[in-house]
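Peer 1: This is the structure alone, sequence omitted:
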């Protein structure tokens, strides 16, 4: 069974940093692109970043570019999101999600359960 | 960025009803559109990709159509487990963008 399990969320002060983790199982990790998508409580979905299977390509939403870094360790089947210079508006549930097909960066067929990030003083 | 607009924002329906949700892209995206279902406190679930392709395991009462800028998701014969929020997402270009969601509520 394909599974994604996020961790690393928590309460952090504005300007602080946090690293999110997404542990994957049940598929050939290096063959698939992976995304981070966030959701503000009671609001809609907002795409944050995506990384290709080989990690050679990364893309970011403008609102996080220069502050967030997506990476992956294919030997550990783990996806990361390093979040720096956090702002109140980054408060959200963060989901990691797997690309639908080999190399697909655009459609997400499996999602984790989410980890909550709260930025507040 | 491509803006996705869903309508209506909410709809009330009864079990057995047919429901249609619309999604409009701010520019043409061919058939690069996906639909997701989300229940409270849960992660989104992929229903349909490439406008009309049903994801494995999704009941056939869900169907999608459209191309270019206008798309629809239809749920025929609504079941109790279908009451949820539905999102469209364009898969044409980065950044990926989602519609604002349509909440399907019990009448």
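Peer 2: Yes, it's here. Note that the coordinates shown come from a computational prediction; the quantities given were computed from them, not determined experimentally.
Peer 1: C-alpha only now, for contacts and for neighbours.
Peer 2: Fine.
Peer 1: Now do the contacts for the closest residue to residue A:98 other than its chain neighbours.
Peer 2: The shortest distance from residue A:98 to any residue that is not its chain neighbour, by Cα to Cα, 6 or more residues apart in numbering or on different chains, is 4.7 Å, and that residue is residue A:34. Residues in contact with residue A:34, defined by Cα atoms under 8 Å, 6 or more residues apart in numbering or on different chains, are A:50, A:51, A:52, A:53, A:79, A:96, A:97, A:98, A:99, A:105.
Peer 1: If we use 10 Å, what do you get?
Peer 2: A:22, A:49-53, A:55, A:58, A:70-72, A:79-80, A:96-100, A:103-108, A:110-111 (Cα atoms under 10 Å, 6 or more residues apart in numbering or on different chains).
Peer 1: Which of these fall within strands?
Peer 2: Helix and strand membership here follows DSSP state E; of the contacts of residue A:34, those in strands are A:22, A:49-51, A:58, A:70-72, A:79-80, A:96-99, A:108, A:110-111.
Peer 1: The residue in chain B that chain A sits nearest to: neighbour count?
Peer 2: Distances between chain B and chain A by Cα to the nearest Cα are smallest at residue B:91, namely 5.0 Å. Burial of residue B:91, expressed as a neighbour count using other Cα atoms under 10 Å in any protein chain shown, amounts to 25.
Peer 1: So the residue nearest to residue A:30 when sequence neighbours are not counted versus residue A:97, what's the distance?
Peer 2: What sits nearest to residue A:30 in space, not counting adjacent residues and going by Cα to Cα, 6+ apart, is residue A:53, at 4.7 Å. To residue A:97, residue A:53 is 13 Å away according to Cα to Cα, to the nearest Å.
Peer 1: Who has more neighbours out of the two?
Peer 2: When residue A:53 and residue A:97 are compared on other Cα under 10 Å, the one with more neighbours turns out to be residue A:97, at 30 against 23.
Peer 1: who's the more buried one bridged to?
Peer 2: Going by DSSP bridges, residue A:97 is paired in beta bridges with residue A:35, residue A:111.
Peer 1: Report the contact partners of it.
Peer 2: Contact analysis of residue A:97 by Cα under 10 Å, 6+ apart lists A:3-6, A:22, A:24, A:33-37, A:50, A:79, A:105, A:107-114, B:43-44.
Peer 1: Give me the buried subset of those.
Peer 2: Under a neighbour-count criterion of 16 or more other Cα atoms under 10 Å in any protein chain shown, the subset of the contacts of residue A:97 counted as buried comprises A:3-6, A:22, A:24, A:33-37, A:50, A:79, A:105, A:107-114, B:43-44.
Peer 1: Surely the residue nearest to residue A:30 touches residue A:103?
Peer 2: Yes. Residue A:53 is in contact with residue A:103 according to Cα atoms under 10 Å; the separation is 6.6 Å.
Peer 1: Can you report how many residues lie near the closest residue in space to residue A:21 that isn't next to it in sequence?
Peer 2: Using Cα to Cα, 6+ apart and skipping residues adjacent in sequence, the residue nearest residue A:21 is residue A:80, 4.7 Å away. Using other Cα under 10 Å as the criterion, residue A:80 is surrounded by 22 other residues.
Peer 1: Appreciated, that's everything.
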